[in-house]
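Visitor: Need coordinates for the following:
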Amino acid sequence: MRIYWAVILSSLLMAGCGTQVTRMDADEAVDLSGDWNDTDSRLVAEEMISDALSRPWISNFVSKEGNAPAVIVGTVRNLSHEHINVNTFVADMERALVNSGRVEFVASSGERGEIREERKDQDLNATEKTRNEAGRETGADFMLKGQINTIVDAEGKQQVRYYQIDLTMISMADNRKVWLGQKKIKKLVKNAKVRY
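Guide: From the prediction side, this is the model:
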């Protein structure tokens, strides 16, 4: 009889410790730790996109050159105190800017390597009609670069976490900075683990 109750008790304990998953809307804001999260990434991308599209650098380029500017993504450095995947909001920005029809993006250096290898393979193996020749790539007119910085002010079990995200659009022709975007996020985190 004791074994029976031991098995039942063990089963109940294991059932109580099971993982529960609740589906949520991707735009729903949830802050569990106070760290950088998907909501922060989305807010940064939305504000930067809106700002970039409203500034004169695009119309100035179009009036001078007659076509949409081609942009390449350079390095966006995470100089914060925590791990931040910068690729999420950079990809959101890239998608929205391309979909606006006002900006084109060219492949990054990492992406180009794979494409060039495929082009070499096509040169050997594809029919002449479907082969894509080397030397026809579009050069970038601008490079998007940036960084994320943080300041943490902690006392006891409370922290204020300040994030500053700076993005810059730089002319490839003459190194002029044609757009400077900035987003600031500030969070009060209670019962926080002190991390630097």
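Visitor: For the helix or strand in which residue 119 is found, buried residues please.
Guide: According to DSSP states H and E, residue 119 maps onto helix 109-125. For helix 109-125, a neighbour-count test (16 or more other CB atoms under 10 Å) marks residue 119 as buried. (Each C-beta comes from the backbone N, C-alpha and C, glycine too.)
Visitor: average model confidence for it?
Guide: Mean pLDDT, computed over helix 109-125, is 90.
Visitor: Okay, now the unreliable bits of this structure?
Guide: Where the chain drops to pLDDT under 70, the residues are 1, 4-7, 9-18, 21, 24, 26, 28-29, 31-32, 192-196.
Visitor: Tell me where it has helices.
Guide: Ranges of helices in the chain, per DSSP state H, are 2-16, 38-54, 57-65, 87-99, 109-125.
Visitor: of all the ones you listed, which lies closest to residue 188?
Guide: helix 38-54 (14.3 Å; CB to CB).
Visitor: what packs against the closest one?
Guide: With contacts taken as 3 or more CB pairs under 8 Å, 6 or more residues apart in numbering; DSSP states H and E, helix 38-54 sits against helix 87-99, strand 158-171, strand 177-190.
Visitor: tell me the angle that helix makes with strand 177-190.
Guide: Orientation check (axes from the mean of the first three to the mean of the last three CA atoms, to 10 degrees): helix 38-54 against strand 177-190 gives 160 degrees.
Visitor: contact partners of helix 38-54?
Guide: 26-27, 29-31, 58, 85, 88-89, 92-93, 96-97, 100, 102, 163, 165, 167, 169, 179, 181, 183, 185 (CB atoms under 8 Å, 6 or more residues apart in numbering).
Visitor: give the contact list for residue 185.
Guide: Contacts of residue 185 by CB under 8 Å, 6+ apart are 40, 43-44, 162-163, 165.
Visitor: Kindly recompute the last result at 7 Å.
Guide: 40, 43, 163 (CB atoms under 7 Å, 6 or more residues apart in numbering).
Visitor: This completes my enquiry, with thanks.
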